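> what's the 3D shape of this:
(2 chains)
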Amino acid sequence: KTQVEQSPQSLVVRQGENCVLQCNYSVTPDNHLRWFKQDTGKGLVSLTVLVDQKDKTSNGRYSATLDKDAKHSTLHITATLLDDTATYICVVGDRGSALGRLHFGAGTQLIVIP
Amino acid sequence: EAAVTQSPRNKVTVTGGNVTLSCRQTNSHNYMYWYRQDTGHGLRLIHYSYGAGNLQIGDVPDGYKATRTTQEDFFLLLELASPSQTSLYFCASSDVRDWVNYAEQFFGPGTRLTVL
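Numbering: from 1, shown residues only, chains lettered A, B, ... in the order given. Next up, the predicted model:
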C-alpha cells in the first residue's frame, strides 16, 4: 500500500509563476519529512527537511510546510525558473537516524515553460 | 558534500544475463543503500549496508544480491536478470552519526538497466 501520495502527478507552469506541490502520507511514526529535487538523469538532491509537529522552512525560492496532525506537507516554489523543471519527491522518515526507513512518494513532475 | 558515483550509467543485457552495478562514495559514510525507481512508484529499497562485509535486506530483495567490499564500495548483483528488473537504480550513502541533519542520504546519478 502506498504510504506517501503526491499531487499533482505533473504540473506545467510558465516561468515566473508560483506553484504548490502537495504530499499526504500515512507513515507512522513520522519523524521527519524531506523534499528532494531530481533533475532528469540525475540523482536526488535534498531541498529541505521538516521535523516539528507544525513546521515551516525556507530555502531561497523554495518554502515548505509540515502538519503532522494532518500528515500533510506542501512545497511552494516562487517565481519559477526554467531550471526548476524536475521531479520533486516527498520522503517521510520514520526515525531520525540512519536506523530508520525512508518512505518515498512517486514524485511530482514539474515543467516550467518560457 | 558527499560524492557518490555509479557505474555504468547505462547497461543493456539479455534475460538470464549476469550484471554487476557499482557504487563508490568518498565521504566516509557508514551506510550505503541500493534503490530501484520505477514509473509510478517511489524509490524502493533493495539492500543496504552499514559497513564493509555487512549486508541488510531491504523491501524488494528478490533477484538481487549485494556486497560491500570496503567502506567506499557497494555492489549490486543480478545473477539471472529478468525483464522485470528493467529499472533505474540508485545508490545512496549516509552518516549514521548525522543526527543533526536526520541522516540525510546522498544519492548517486543512477544506472539505467534494460533487460531484454
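
> Show me which residues of chain B sit near chain A.
B:4, B:30-31, B:40-45, B:50, B:90, B:92, B:94-96, B:98-99, B:101-110 (CB under 8 Å from any CB of the partner chain). The C-beta positions use only the backbone N, C-alpha and C, and glycine is treated the same way.

> Show me which of the residues you listed are buried.
B:4, B:30-31, B:42-43, B:45, B:50, B:90, B:92, B:94-95, B:98, B:102-108, B:110 (16 or more other CB atoms under 10 Å in any protein chain shown).

> Now residue B:17: which helix or strand?
For residue B:17, there is no host helix or strand (DSSP states H and E).

> The one 5 residues further on now?
In the assignment (DSSP H and E), residue B:22 maps to strand B:19-25.

> packing partners for the helix or strand following that strand?
Remark: after strand B:19-25, the chain's next helix or strand is strand B:31-37, criterion DSSP H and E. Judged by 3 or more CB pairs under 8 Å, 6 or more residues apart in numbering or on different chains; DSSP states H and E, strand B:31-37 is in contact with strand B:19-25, strand B:44-49, strand B:73-78, strand B:87-94.

> Figure out which of these is closest to residue A:70.
strand B:44-49 (25.8 Å; CB to CB).

> so who does the residue most central in space within chain B touch?
Nearest to the geometric centre of chain B sits residue B:34, at 2.4 Å (CA atoms, centre = their mean). Contact analysis of residue B:34 by CB atoms under 8 Å, 6 or more residues apart in numbering or on different chains lists B:21, B:23, B:45-48, B:58, B:64, B:66, B:74, B:76, B:89-91.
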